[in-house]
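Enquirer: Prediction below, plus the sequence it came from.
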Amino acid sequence: MSVKIRLQRHGKKQKPFYWIVAADARSKRDGKFLEKLGIYNPNTNPATVDLNLDKAVQWLHNGAQPTDTARAILSYKGALLKHHLDGGVRKGALTQEQADAKLATWLESKASKVDAKKDGLSKAQQAAKAKAFKAEQEANEKRIKAAADALKAEEAVEEVAEEVVAEVASEVASEEVVAEEAPATEGETTEEAEA
């Protein structure tokens with residue numbers, strides 16, 4: 001029976017997460033498995049990987065073959081390095097303490113890289129939020145200024161309209177005065193003509 005270390009899909013549409021399992025190569029993708037080794041969630045940034053390192057290395061020692069994606073995940077978490085160092089210990093190339101020290105330094109450097117990436121992502125996210133906030137403030141200022149300009153323009157139009165209305169009213173009043181005087185003079189002339 002050949003054993004594969006592979007991913008078993010779970011989750012919902014467009015939001016998958018995976019179990020990392022040791023399974024018989026003949027079993028279905030999401031079917032029966034021998035042992036669950038961890039989880040992999042690609043939906044987060046950076047991807048979340050929770051792996052039982054000792055169980056994964058034990059399956060590698062027993063001859064389990066990882067798939068391409070599982071190999072990348074095992075490499076990312078240091079399982080392949082530990083498997084390699086354990087082979088060196090078995091051959092006598094180095095001691096167990098040396099192997100453990102090498103693995104610990106590698107894991108620390110990997111953790112620092114992951115933390116640096118998380119910090120970079122959080123700083124980029126904060127910078128994007130600050131930029132969006134500044135753009136929103138500028139847009140608000142432009143909108144307020146445009147509203148004030150529109151209000152000033154409206155007041156100016158109202159003042160001009162009041163002036164025009166006042167001029168028209170004065171012209172109408174002067175025409176009425178002229179019209180009232182005009183019939184009186186015509187009436188006087190007709191009375192004089194009758195006399």
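Expert: Received it, and whenever you're ready, just let me know what you need. Numbering: from 1, shown residues only.

Enquirer: Regarding the residue nearest the centre of the chain, what is its secondary structure?
Expert: Nearest to the geometric centre of the chain sits Q125, at 7.9 Å (CA atoms, centre = their mean). Counting by DSSP: H, G, I helix; E, B strand; the rest coil, the backbone at Q125 sits in helix.

Enquirer: what about the helices in the chain?
Expert: Counting by DSSP state H, the segments of the chain that form helices are 53-61, 68-77, 79-91, 96-194.

Enquirer: for the ones you listed, which one sits closest to K15?
Expert: For K15, the closest of these is helix 68-77, at 17.6 Å, according to CB to CB. All C-beta spots, glycine's among them, are computed from the backbone N, C-alpha and C.

Enquirer: other SSEs contacting that closest one?
Expert: Identification of packing neighbours for helix 68-77 by 3 or more CB pairs under 8 Å, 6 or more residues apart in numbering; DSSP states H and E yields strand 3-12, strand 48-51, helix 53-61, helix 79-91.

Enquirer: Would you tell me which one of the ones you listed is buried the most?
Expert: Of the helices and strands packed on helix 68-77, the one with the most neighbours on average (mean count of other CB atoms under 10 Å) is helix 53-61, at a mean of 18.

Enquirer: tell me how far that one is from the chain's mean position?
Expert: 37 Å (CA atoms, centre = their mean, to the nearest Å).

Enquirer: which residues touch that helix?
Expert: The contact list for helix 53-61 (CB atoms under 8 Å, 6 or more residues apart in numbering) reads 3, 5, 20, 22, 35, 37-38, 66, 74, 77-80, 82-83, 86.

Enquirer: Below-threshold pLDDT in this structure: ranges please.
Expert: Scanning the chain for pLDDT under 70 picks out 1, 181-195.
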